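**Q** Sharing a model that was predicted from the sequence below.
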Amino acid sequence: MASSSAFRSSRTHQRQVPATHSHGYSSSSSHATSNLNSTTAHGQIPPQPARSRTPSASPRRILAPSNHTARLDDDEQDSQRVRVAVRLRPKNTDEILSDADFADHVELHPELKRLKLRKNNWSFESYRFDEVFTETASQKRVYEVVAKPVVESVLSGYNGTIMAYGQTGTGKTYTVGTLGKDDASERGIMVRALEDIIANTSASDSVEVSYLQLYMESIHDLLAPEKSDISIHEDPKSGEVSLPGVEVVKVQDLDSFMQLLELGEVNRHVANTKLNTESSRSHVILMVQIRRSILGKKVEDTTCQDKSISNDLYVDNKKPMIQKSKLLIVDLAGSERIDKSGSEGHLLEEAKFINLSLTSLGKCINALAEKSPHIPTRESKLTRLLRDSFGGSSRTSLIITIGPSVKCHAETSGTVMFGQRAMKIVNKVKLREEVDYEALCRKLENQVDLLTAEVERQQKLRENERHMLDKQLKECQGALIETKKSLLTRSEFLQKENMDLKGELKDILSELKCQKDQNCSLHEVAANLEKKYEQQLRENSAIQEVLAETTQMYERKIAELIKQIEDRHSCDEHAAKELDTIHKLLDDHQKSIQQKELENAACQRALAETTKMHEKQVMELVKQIEDEHRRFECAQEQLDLAKGLLSDQQDLAQNQKQGEIDELRARLQGMSHLHDATTNELHLLKSKYQNLLEREKAVLKESSQNTFNEALEHGSPVMSNKIKPSKETISSQKAAIAKICKEVGFQRILELLKSEDSDTQIQALKVIANLAAEGTGHEMMPFSPLSLD
Ligand code: ADP
Ligand code: MG
């Protein structure tokens with residue numbers, strides 16, 4: 001642990017926060033109470049007298065330093081307003097028992113963010129907050145809604161304050177300070193906030209905590225109990241509040257922080273025992289200081305002339321900046337009224353001081369809510385400590401805790417009013433950045449060292465270069481003298497060589513003349529050869545012409561031949577295609593022939609069956625006719641018998657019955673006449689029938705011939721052997737038979753069966769068979785064959 005004066009700073013840059021900076025709550029800013037000053041439920045906050053609202057009359061010296069403008073946009077005001085949430089503690093066993101007969105005096109409507117307080121039996125007062133937590137709200141949700149936005153803001157470089165306000169026993173310490181060692185879900189705001197801060201800072205950043213208790217206007221260090229009555233220092237320029245001499249411990253992990261909180265708790269207990277007081281009478285403050293190094297502005301005033309060197313050395317030429325922010329988490333003393341009579345063993349003077357800070361806080365809140373020009377922050381240590389938390393440059397969240405019991409209605413009402421007034425306060429948050437001069441100095445010293453070394457290096461390099469150049473100059477001078485000498489000897493040698501060459505040149509010239517003469521004769525020979533060559537060329541061209549013509553002729557012939565071959569080829573292809581189609585047709589024909597053969601066979605089978613059936617029927621008919629014939633003979637015999645009887649009777653009563661006999665004779669004669677006429681008619685019909693048969697035969701022949709021709713026409717070789725009558729032929733045959741039947745008469749046809757002529761018999765049989773097949777026989781048989789008699 002190290003004592004630190006880190007809160008002091010030489011120069012502070014302050015930046016305004018953009019209005020859009022997020023805050024965890026919704027941005028609604030409805031304030032329910034109409035007459036906040038009128039309430040006296042909260043005993044420690046005396047009502048403020050009405051003051052003239054002239055913010056410009058006296059600048060808000062302490063709580064709104066420097067450039068606080070009186071008029072902010074509504075949105076901006078809302079985003080920077082103190083956020084207030086209310087949390088209801090669940091009923092404990094005592095309350096469940098004692099309040100059983102009472103109706104709930106608090107009603108929560110979290111969806112509307114409203115709280116209703118029962119005024120009396122028939123009416124409620126409704127208050128709106130930024131968030132309303134029911135008794136079931138989890139610690140996590142409370143943290144995320146109330147504290148997390150403030151913690152995030154602190155991590156971004158702004159100051160932040162989270163406070164818990166409420167009657168003793170309503171859950172302030174539970175909400176803020178629960179360690180949750182056994183159950184992590186129970187962890188309060190302090191532990192969760194540090195967890196977030198540690199997770200979001202790097203090793204180069206610093207997180208330092210101080211843990212304090214404020215009781216009876218005296219600040220005790222809970223991390224170093226020997227330090228008591230710690231003084232508060234306020235920077236007159238920046239308005240920053242610091243506690244020089246307070247124990248500041250650097251925190252790197254959550255475990256060490258938890259240990260610090262535990263230590264603080266033990267020390268608090270010891271201190272309270274020593275002071276003979278309850279913990280609920282003191283305020284507990286956790287102060288977390290965060291320093292984060294960030295990249296600042298460029299160093300502009302570089303003195304280095306040489307740009308190339310400066311480029312190398314000033315790559316990282318930005319001012320090292322530090323972002324400083326502070327988070328205060330305050331577990332306030334119980335807001336209930338203290339009996340000033342000293343009923344708890346305190347003297348009157350003592351009792352006055354016990355909650356002076358809380359009373360003063362209430363006054364400040366009232367003044368800020370009223371936009372009063374004077375905010376009495378100097379009245380107490382708490383308000384001095386929190387002076388930039390309310391209405392200052394900090395983001396502030398306030399959680400007010402209330403109990404469910406009807407018995408503490410007055411306290412609950414006071415707490416709610418406090419919250420409502422706090423909601424009216426608008427802060428002006430600022431980003432706090434400053435130059436890290438130590439780091440800047442270190443950086444500049446480094447740069448000076450680097451530059452000095454570089455200058456030395458350059459000087460040494462230049463000296464070396466000069467030595468080298470002198471040496472080279474000397475070497476060059478020696479080499480020049482030697483070259484001059486060698487040049488002289490060389491020129492002498494060259495003159496001598498020149499003389500020799502002149503002699504050689506003369507010899508060569510004479511030789512050249514001889515060669516010129518030889519050349520002339522060679523030219524003549526060449527001219528003759530050229531002539532010969534030209535003649536040969538001419539001959540060659542003639543031969544080439546002939547060759548070209550012959551080639552052209554052959555080419556033409558070849559082209560014709562190719563064309564012929566192509567034509568043939570296309571013809572062949574065409575023929576092949578036709579062959580294919582013929583093959584297909586042949587296949588189709590064969591298929592149809594097979595089908596027809598099948599049909600023919602079926603028809604022949606049917607014909608055979610029909611013939612058989614008809615023969616059977618004819619046999620039956622013949623049998624019937626024979627029976628009839630026998631009966632006819634029987635009748636003839638009876639007639640003969642009757643004739644015998646008649647002659648007997650003639651003999652017996654010749655005389656008496658002569659008339660009768662004559663009559664019978666006449667009848668007999670009539671009958672014989674009739675018989676003759678019938679026989680004639682039979683002959684006539686026979687001849688007619690013969691004619692009809694002839695006609696029918698002719699018709700049958702013709703139809704057979706047609707069928708035969710049709711078969712031939714279809715090109716079927718099979719059909720030429722097996723003649724199959726078509727349906728039309730059959731139907732025409734049938735029609736002819738029906739016609740014959742109609743003309744001749746069925747009885748007559750039956751008689752023709754007995755004809756001696758076999759041809760006639762067969763024809764009659766055919767007709768009957770057809771009639772039987774068609775079922776016309778029945779229609780044609782209107783009378784019984786017996787009627788022939
Ligand atoms: P305060 O600090 O306001 O005096 P405490 O935080 O000590 O009140 O709470 C009083 C009792 O009520 C404690 O036993 C605490 O565990 C319990 N308590 C308070 N709030 C809750 C809650 N939201 N859920 C459960 N128990 C709670
Ligand atoms: Mg407490």
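**A** Structure received. Ligands and ions are numbered 1, 2, ... in the order given.
**Q** for the stretch 551-700 of the chain, which spans come out with low pLDDT?
**A** For the stretch 551-700 of the chain, the stretches with pLDDT under 70 are 653, 656-657, 696-697, 699-700.
**Q** any idea which helix or strand carries whichever residue of it sits closest to ligand 1?
**A** Residue nearest to ligand 1 within the stretch 551-700 of the chain: K584 (97.3 Å; Cβ to the nearest ligand atom). The C-beta positions use only the backbone N, C-alpha and C, and glycine is treated the same way. Using DSSP states H and E, K584 falls within helix 437-652.
**Q** Tell me how far that helix lies from the chain's centre.
**A** 48 Å (Cα atoms, centre = their mean, to the nearest Å).
**Q** what's the answer for stretch 150-161, then?
**A** Computed by Cα atoms, centre = their mean, the chain-centroid distance of stretch 150-161 equals 38 Å.
**Q** now swap in stretch 165-178 and tell me
**A** Taking mean C-alpha positions (Cα atoms, centre = their mean), stretch 165-178 and its chain are 47 Å apart.
**Q** Next: stretch 245-259.
**A** Relative to where its chain is centred, stretch 245-259 has its mean C-alpha point 48 Å off (Cα atoms, centre = their mean).
**Q** tell me the mean pLDDT for it?
**A** When pLDDT is averaged along stretch 245-259, the result is 95.
**Q** Could you look up the SS state of whichever residue of the stretch 201-350 of the chain sits closest to ligand 1?
**A** As assessed by Cβ to the nearest ligand atom, ligand 1 sits closest to S280 within the stretch 201-350 of the chain, at 5.2 Å. Three-state call for S280 (DSSP: H, G, I helix; E, B strand; the rest coil): helix.
**Q** Surely it and L332 touch.
**A** No - look at S280 against L332 with Cβ atoms under 8 Å: they stay out of range, at 9.9 Å.
**Q** Compare neighbour counts for those two and give me the winner.
**A** Per other Cβ atoms under 10 Å, whichever of S280 and L332 has more neighbours is L332, with 26 against 17.
**Q** which residues sit in contact with whatever residue of the chain ends up closest to ligand 2?
**A** Proximity of the chain to ligand 2 (Cβ to the ion) peaks at T173, 3.2 Å away. By Cβ atoms under 8 Å, 6 or more residues apart in numbering, the contact list for T173 reads A164, G188, S279, V284, D331.
**Q** what's the next secondary structure element after the host helix or strand of it?
**A** Assigning secondary structure by DSSP H and E places T173 in helix 172-177. Downstream of helix 172-177, the first helix or strand assigned by DSSP H and E is helix 189-199.
**Q** so how far is that following helix off the chain centroid?
**A** Its chain's average C-alpha position is 37 Å from that of helix 189-199, according to Cα atoms, centre = their mean.
**Q** on contacts alone, who are the packing partners of that helix?
**A** Helix 189-199 sits against helix 139-142, helix 148-155, strand 159-166, helix 172-177, strand 206-215, helix 254-275, strand 283-298, strand 318-331, with contacts defined as 3 or more Cβ pairs under 8 Å, 6 or more residues apart in numbering; DSSP states H and E.
**Q** Deepest-packed of the ones you listed, please.
**A** Among the helices and strands packed on helix 189-199, strand 159-166 has the highest mean neighbour count (mean count of other Cβ atoms under 10 Å), at a mean of 27.
**Q** average model confidence for that one?
**A** Per-residue pLDDT values over strand 159-166 give a mean of 95.
**Q** tilt between that strand and strand 318-331?
**A** Using axes from the mean of the first three to the mean of the last three Cα atoms, to 10 degrees, the direction of strand 159-166 lies 0 degrees away from that of strand 318-331.
**Q** Direction included, what does strand 159-166 pair against?
**A** Sheet pairing here is set by DSSP bridges, and for strand 159-166 it gives strand 318-331 (parallel), strand 394-402 (parallel).
**Q** For these, give me JSON lines that also has mean pLDDT and distance to R631.
**A** Listed next are those as JSON lines, based on pLDDT from 0 to 100; distance: least, Cβ to Cβ, whole Å:
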{"stretch": "strand 318-331", "mean pLDDT": "88", "distance to R631": "144"}
{"stretch": "strand 394-402", "mean pLDDT": "93", "distance to R631": "136"}
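**Q** Just put these in CSV and tack on distance to ligand 1.
**A** What follows is the strands paired with strand 159-166, written out as CSV (distance: least, Cβ to the nearest ligand atom, whole Å):
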stretch, distance to ligand 1
strand 318-331, 7
strand 394-402, 6
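**Q** Would you reformat the ones you listed as a markdown table and include distance to ligand 2?
**A** Formatted as a markdown table, the strands paired with strand 159-166 follow (distance: least, Cβ to the ion, whole Å):
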| stretch | distance to ligand 2 |
| --- | --- |
| strand 318-331 | 6 |
| strand 394-402 | 9 |
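**Q** can you dump the C-alpha coordinates of the host helix or strand of G362 into PDB?
**A** Taking DSSP H and E as the criterion, G362 maps to helix 356-369. Extracted in PDB, the C-alpha atoms of helix 356-369 (Å, rounded to 0.1, in the frame of the first residue of the first chain):
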ATOM      1  CA  LEU A 356     -25.300  16.300   9.200                       C
ATOM      2  CA  SER A 357     -23.900  15.100   5.900                       C
ATOM      3  CA  LEU A 358     -27.100  13.500   4.800                       C
ATOM      4  CA  THR A 359     -29.100  16.500   5.800                       C
ATOM      5  CA  SER A 360     -26.700  18.700   3.800                       C
ATOM      6  CA  LEU A 361     -27.000  16.400   0.900                       C
ATOM      7  CA  GLY A 362     -30.700  16.700   1.000                       C
ATOM      8  CA  LYS A 363     -30.400  20.500   1.000                       C
ATOM      9  CA  CYS A 364     -28.000  20.500  -1.900                       C
ATOM     10  CA  ILE A 365     -30.400  18.200  -3.900                       C
ATOM     11  CA  ASN A 366     -33.200  20.600  -3.100                       C
ATOM     12  CA  ALA A 367     -31.200  23.600  -4.200                       C
ATOM     13  CA  LEU A 368     -30.100  21.900  -7.400                       C
ATOM     14  CA  ALA A 369     -33.600  20.700  -8.200                       C
END
